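Trainee: compute the structure for the input listed below.
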Amino acid sequence: MPEERRVLLYFKNLSIAVDQLINAIFFGFADESLSARCWREKRWFRYVLDSLFFWQVDEQGRRHCEQSYIWERKRMDLPPEYRNRRTHKHQEK
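Mentor: The predicted model follows:
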């Protein structure tokens, strides 16, 4: 992986970690972003967050908080090997 990409990924991961920490401080789940939580719980604060990230509107008109919620549902902040796993029993080899 090129060095520039590694640095960008580092700062993206750091931003996600800080976001999740802020959500946990406000009694949210430790592995959920504040934006996703605001969308999920239909909180008024999502309008504030959407305004702060005004440039994040996708082709379907979804704004920042809704995109964050979809991102969480798809487990996109996890490494690829953790995504889309449907394990009901924990098995170790």
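Trainee: tell me the pLDDT of E59.
Mentor: E59 carries a pLDDT value of 89.
Trainee: offset the numbering so it begins at 45, please.
Mentor: Sure, I'll start numbering at 45, so the last one becomes E103.
Trainee: and it, which helix or strand is it part of?
Mentor: According to DSSP states H and E, E103 maps onto no helix or strand at all.
Trainee: residue contacts, it?
Mentor: By Cβ atoms under 8 Å, 6 or more residues apart in numbering, the contact list for E103 is empty. Using the backbone N, CA and C atoms, a C-beta is placed for each residue, glycine as well.
Trainee: now A74
Mentor: A74 neighbours (Cβ under 8 Å, 6+ apart): Q64, N67, A68.
Trainee: with those residues in mind, which one is nearest to M120?
Mentor: The shortest approach to M120 among those belongs to Q64, at 13.6 Å (Cβ to Cβ).
Trainee: number of residues surrounding the closest one?
Mentor: Neighbourhood size, Q64 [other Cβ atoms under 10 Å]: 20.
Trainee: distance of it relative to R90?
Mentor: Between Q64 and R90 the computed distance is 16 Å (Cβ to Cβ, to the nearest Å).
Trainee: which helix or strand contains R49?
Mentor: Secondary structure from DSSP H and E places R49 in helix 47-69.
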